[in-house]
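> predicted model and sequence follow; I will ask about them next.
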Amino acid sequence: MAVIGGGLALLVGLMAQPLGTALGLLDWPDLNGGRKRHARVTPLVGGLALTLAVVVAAFASRVMMPAGDVVAHDLGWLAFAVAMMFLIGASDDRFHLSPVLRLLAAMVVLVLVISSAPDFALAFLHFGGAERLLLLGSMGTVFTLLCLLGLLNAVNMADGKDGLVLGLGLIWSAVLAAHLPPPYWPLLAATLAALLVLLWFNMTQRLFLGDGGSYALSALLGLLAILTYNHGFENWRADDVAVLFAVPVFDTVRLLVVRMSRGRSPFEGDRDHLHHHLHATLGWPRGLAVYLAMVAVPNAAALAMPGTGWFWLAISLGVYATVLRGTGHASTEAPDPAE
């Protein structure tokens, strides 16, 4: 499956410009010194490559399973979720949908998936150090939806510098690989291969993920994280899952609170993201290396020392606050368009 995923990503990467032109998925740089400062018109087709890799790998895995198999059922719904979320994000890339419309469309897709495939829904929480499960009951679907939408926003907000979301996706996929049930390994192998290929094209500014890519990736890894937790909660607990996505979620919560406290819409973008601070202070890709290390190191430590998720979650928060304070700068630039 890795060959399939990498091959599809390579094909889309090599044809990125004509594909982006044909589909109208192009990112034009701002001429007035605004947010978009890339050197040339760049195709937003990274999400297309990732979605093709995931969908093809999912259905290739399904055909090798007996009819009615639970894994085959879950793979079908996972492929559906990734494809639909890509279409929502790509529609925003193409037609600039309102944030409310995107949110509603994503909610419909995610509710359909988590209500149709129980492995993707949270029914309980098991934290490190706790002897009992915290049953969610009728609130399980609502809580699952809030988690997935929160991750969607966090990934979308992090997608502002070359290599960042793709690098995060590689780290998250590697952590999931340590716990994911074996029947899902081929799909994850295709995902990892596609992300690696896309990372090279992205770092050389030949393509961007676009909202289509960030939406597809957040749905894929968010749903896989829930499935992995449901199948292995005795060893990979709720606080371990929180460590996985902690840094971009911390940044998103801070941004939303700051914007609303200043009387601004939470959907109104700015240049106050963690990656903007790192870029201003360290440059890029040095800032990229720091951001990825902030995510990779606590997750590697939590994997090496099971049962310490709460500790590494606190460490992640402390490091995030320290780095943000150390790289803080007053932004005097115009706000971004809605994210």
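That came in fine, so what should we check first?
> contacts, neighbours, all on C-alpha from now
Will do.
> tell me, what residue is most central in the chain?
Most central in the chain under Cα atoms, centre = their mean is S218, positioned 3.3 Å from the mean C-alpha point.
> next secondary structure after the worst-scoring helix or strand of the chain on mean pLDDT?
In the chain, no helix or strand scores lower on mean pLDDT, DSSP states H and E than strand 26-27, which sits at a mean of 92. The helix or strand immediately downstream of strand 26-27 is strand 42-43, counting by DSSP states H and E.
> which residues are contacting the following helix or strand past that following strand?
Where DSSP H and E defines the elements, the next helix or strand beyond strand 42-43 is helix 46-62. Identification of contacts with helix 46-62 by Cα atoms under 8 Å, 6 or more residues apart in numbering yields 1, 4-6, 8-9, 12-13, 71-72, 75-76, 78-80, 82-83, 86, 90, 186-187, 190-191, 194-195, 198, 207-214, 216-217.
> per-residue confidence averaged over helix 46-62?
Across helix 46-62, pLDDT averages out at 96.
> quick one: low-confidence parts of the stretch 151-300 of the chain?
Of all residues in the stretch 151-300 of the chain, none has pLDDT under 70.
> what comes up buried for stretch 112-124?
Neighbour-count burial for stretch 112-124 flags V113, I114, A117, D119, F120, A121, L122, A123, F124 (criterion: 16 or more other Cα atoms under 10 Å).
> next step: these restricted to helices.
Using DSSP state H, the subset of those located in helices is V113, I114.
> where do the helices sit along this structure?
Using DSSP H, helices in the chain cover 2-14, 16-23, 46-62, 70-95, 99-116, 140-158, 164-177, 185-203, 210-232, 238-261, 274-282, 286-304, 309-327.
> so the shortest one versus helix 70-95, what angle?
Computed by axes from the mean of the first three to the mean of the last three Cα atoms, to 10 degrees, the angle separating helix 16-23 from helix 70-95 equals 80 degrees.
> residues in contact with helix 16-23?
With Cα under 8 Å, 6+ apart, helix 16-23 has contacts from V12, L25, L26, T42, P43, L44, V45, R206, L207.
> same thing with the last one?
Residues external to helix 309-327 that are found in contact with it (Cα under 8 Å, 6+ apart): 128, 237, 239-240, 242-243, 246-247, 250, 274, 277-278, 280-281, 294-295, 298-299, 301-302.
> kindly report the same for stretch 178-192.
Outside stretch 178-192, the residues touching it (Cα under 8 Å, 6+ apart) are 1-6, 50, 53-54, 57-58, 61, 71, 170, 173, 177, 224, 227-228, 231-232, 236.
> now list the buried members of the residues you listed.
1-2, 4-6, 50, 53-54, 57-58, 61, 71, 170, 173, 177, 224, 227-228, 236.
> give the buried subset of the contacts of helix 309-327 as a PyMOL selection command.
Applying 16+ other Cα under 10 Å to the contacts of helix 309-327 leaves a buried subset, and the PyMOL line that selects it is:
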select buried, resi 128+237+239+240+242+243+246+247+250+274+277+278+294+295+298+299+302
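> the helices of the chain: which one's closest to L133?
Nearest to L133, of all these, is helix 238-261, at 10.4 Å by Cα to Cα.
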